[in-house]
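*Asks:* how would this look folded up:
(one chain, ligands or ions: 1)
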Amino acid sequence: MVNCAIEITGLTVTRGDRLVIPDLDLRVPTGQVVGLLGPSGGGKSTVMRAIVGVQQTDSGDVQVLGLPAGHRRLRKRVGYVTQAPSVYGDLTVRENATHFARLLGVADPQAAADAVVSRVDLAGHADERTDALSGGQRGRASLAAALVGDPELLVLDEPTVGLDPVLRRDLWALFRRLADDGVTLLVSSHVMDEASRCDRLVLLREGAVLADDTPAHLLERTGAADAEGAFLALVDEVAA
Ligand SMILES: Nc1ncnc2c1ncn2[C@@H]1O[C@H](COP(=O)(O)OP(=O)(O)OP(=O)(O)O)[C@@H](O)[C@H]1O
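*Replies:* Numbers count the residues shown, from 1 in each chain. Model (predicted):
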């Protein structure tokens, strides 16, 4: 049996008066980079919020690392980066990382902070206030804060939005290194060309899983040349 970092069964979520997630089943295997892809408004952020335990749900079960989503024992084991940078603008990059390390009860907060700041390639900006950084740098400062507790699962909501191609490549290389170290990553994106960098792809549309497969199988199954083509082929298949 595949070891799963995330197991979602029968998840239903209503936001406002809209049924956003009708009845979702999803399993995310441990130690892989899983891409959560799909059009804007398809429910990616909502699923991620349910996984980290901040989304009110109607029904269903969300298990994360063998515990119910949002369990206090998951606080240090799960890192979450939202689309909005979640760092304090009036603190430096290093101070932010140190602050989150202390909150998580990390043994040597300053050493842990320095290590993650280097890991996200911000050592050269460690002593700058985050409100003076570029958007991409601020995003990486948020990622450093999420990494400082050495999480087993990282949930990243569109981490590459607004980044130039070089930074996007570097960030994906970092995700790969983390996965090689055994971390499970769930990464949302609506940039389909990022799909090829994932071990597995979950295509989400209108709160439903259109496909959950490896990139190679997905292309083979649909006969498409790339993930975008595969996605469109699957949409047509459902509509037919
Ligand atoms: N606070 C809210 N109140 C009511 N409805 C909401 C709220 N936030 C999101 N929604 C609705 O829930 C649906 C799913 O949104 P969600 O943010 O999960 O999609 P997404 O796939 O992450 O989109 P994007 O790629 O644009 O971030 C959308 O129809 C959206 O309008």
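*Asks:* all contacts plus neighbour counts: C-alpha atoms, from now on.
*Replies:* Will do.
*Asks:* what residues does the protein put near the ligand?
*Replies:* Applying C-alpha under 6 Å from any ligand atom, we find that the chain lies next to the ligand at 15-16, 20, 39-46.
*Asks:* let's see it at 5 Å
*Replies:* When proximity is defined as C-alpha under 5 Å from any ligand atom, the chain approaches the ligand at 15-16, 40-46.
*Asks:* buried residues in stretch 144-164?
*Replies:* 144-160, 163 (16 or more other C-alpha atoms under 10 Å).
*Asks:* How about the longest helix anywhere in the chain, which residues are buried there?
*Replies:* Counting by DSSP state H, the longest helix found in the chain is helix 165-180. Across helix 165-180, burial judged by 16+ other C-alpha under 10 Å covers 167-168, 171-172, 175-176, 178-179.
*Asks:* ok, and for stretch 109-122, which residues are buried?
*Replies:* Buried residues in stretch 109-122 (16+ other C-alpha under 10 Å): 109-110, 112-117, 120-122.
*Asks:* Hmm, I typed the wrong one, I wanted stretch 124-144.
*Replies:* Residues of stretch 124-144 classed as buried by neighbour count (16+ other C-alpha under 10 Å): 125-126, 128-131, 133, 135-144.
*Asks:* before we move on, the earlier item: between which two of the buried residues of stretch 109-122 is the distance greatest?
*Replies:* Using C-alpha to C-alpha, the two most remote members of the buried residues of stretch 109-122 are 109 and 121, lying 18.3 Å apart.
*Asks:* Mind jotting down where the helices sit in this protein?
*Replies:* In the chain, the helices defined using DSSP H lie at 44-52, 93-103, 109-119, 135-147, 165-180, 215-222, 227-239.
*Asks:* ok, back up a step: who's in contact with the longest helix of the chain?
*Replies:* Helix 165-180 has contacts (C-alpha atoms under 8 Å, 6 or more residues apart in numbering) with 31-33, 119-120, 160, 184-185, 197.
*Asks:* With respect to the ligand, which of the residues you listed is nearest?
*Replies:* residue 160 (12.1 Å; C-alpha to the nearest ligand atom).
*Asks:* For the closest one, give me phi and psi.
*Replies:* Taking degrees, to the nearest 10, you get phi -100, psi 10 for the backbone angles of residue 160.
*Asks:* Next up, the contacts around it.
*Replies:* Counting by C-alpha under 8 Å, 6+ apart, residue 160 touches 136, 168, 171, 189.
*Asks:* Can you give me the pLDDT of it?
*Replies:* Per-residue pLDDT puts residue 160 at 85.
*Asks:* now swap in the one 3 residues further on and tell me
*Replies:* If you check residue 163, the pLDDT there is 80.
*Asks:* list the contacts for it?
*Replies:* Neighbouring residues of residue 163 by C-alpha under 8 Å, 6+ apart: residue 136.
*Asks:* how close does it sit to the ligand?
*Replies:* Note on residue 163: its distance to the ligand, by C-alpha to the nearest ligand atom, to the nearest Å, is 16 Å.
*Asks:* ditto for residue 151
*Replies:* Using C-alpha to the nearest ligand atom, residue 151 is found at 22 Å from the ligand.
*Asks:* My read is that that residue contacts residue 73, right?
*Replies:* No: counting by C-alpha atoms under 8 Å, residue 151 stays clear of residue 73, with 11.7 Å between them.
*Asks:* picking that back up, for the contacts of residue 160, which one is nearest the ligand?
*Replies:* Looking across the contacts of residue 160 and measuring by C-alpha to the nearest ligand atom, the closest to the ligand is residue 189, at 6.9 Å.
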